[in-house]
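1. Provided below are the primary sequence and the corresponding predicted coordinates.
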Amino acid sequence: MIQMKTYKKITKQAMGIEGLIRQTGVHACATIMASNPITNTSPLLKRTDGTVTTTFEYHTCETLGLVKMDFLGLSNLTVIRDTITNIENNGKPSFNIQDVPIDDKETYKLSLAAIRSACSSLIRMVCETSRNLLSRITLTIFLL
């Protein structure tokens, strides 16, 4: 009987903390924006690495009218810039990335070959079904 009371007490306490935020985290490329100073809406926290963050998780920020934007593509822009620099350093003519057509079939073929090559070494791609599925993937559109 004592054991049952202990289990009920532990279960009640666990249900009380279920769903609570247990730690803070920072998304590598997320930025919270507002039309007014964010301090009017959310308390801020200065982390040990100097990063300033809101103290609310992003769903709460959005509910309060703040906007979260992810800028994950920035690293891709760096790769593109470095690739162009590498091409120029190897004596090839320079070009403007904006002039590269986004519907070039040869580029799609090359990109798909790179995707298949990268995926073929993944553990999940070892089975025949995964390899078969990967071989049927096609690229037909590039979205900006």
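-> Nice, I can see it.
2. count the neighbours of residue 32 for me.
-> 20 (other CB atoms under 10 Å). From N, CA and C alone the C-beta is placed, and that goes for glycine too.
3. measure it to residue 64 for me?
-> The gap separating residue 32 from residue 64 is 10 Å, by CB to CB, to the nearest Å.
4. would you agree residue 62 is in contact with residue 56?
-> No - in this structure, residue 62 is not within contact of residue 56 by CB atoms under 8 Å, at 9.5 Å.
5. who has more neighbours, these two?
-> Set residue 62 next to residue 56 and count neighbours by other CB under 10 Å: residue 56 wins out with 17 against 13.
6. what sits closest to residue 33 if chain neighbours are left out?
-> Counting by CB to CB, 6 or more residues apart in numbering, residue 33 lies nearest to residue 67, which is 4.8 Å off, once chain neighbours are set aside.
7. what do residue 32 and residue 64 both touch?
-> By CB atoms under 8 Å, 6 or more residues apart in numbering, residue 32 and residue 64 have these common neighbours: residue 42.
8. show me where the protein has helices.
-> Using DSSP state H, the helices found in the chain span residues 2-17, 58-63, 73-89, 105-120, 128-135.
9. and residue 101, how far from residue 17?
-> 55 Å.
10. hmm, I typed the wrong one, I wanted residue 4.
-> Applying CB to CB, the value for residue 4 to residue 17 is 21 Å.
11. repeat that for residue 26.
-> From residue 26 to residue 17 the distance is 23 Å (CB to CB).
12. of these two, who's got more company?
-> Neighbours of residue 26 and residue 17, each counted by other CB under 10 Å, are more numerous for residue 26; the result is 12 against 8.
13. that one is in contact with residue 52, isn't it?
-> No - counting by CB under 8 Å, residue 26 sits too far from residue 52 to count as a contact (10.0 Å).
14. ok, residue 88 - contacts?
-> The neighbours of residue 88, taking CB under 8 Å, 6+ apart as the test, are residue 94.
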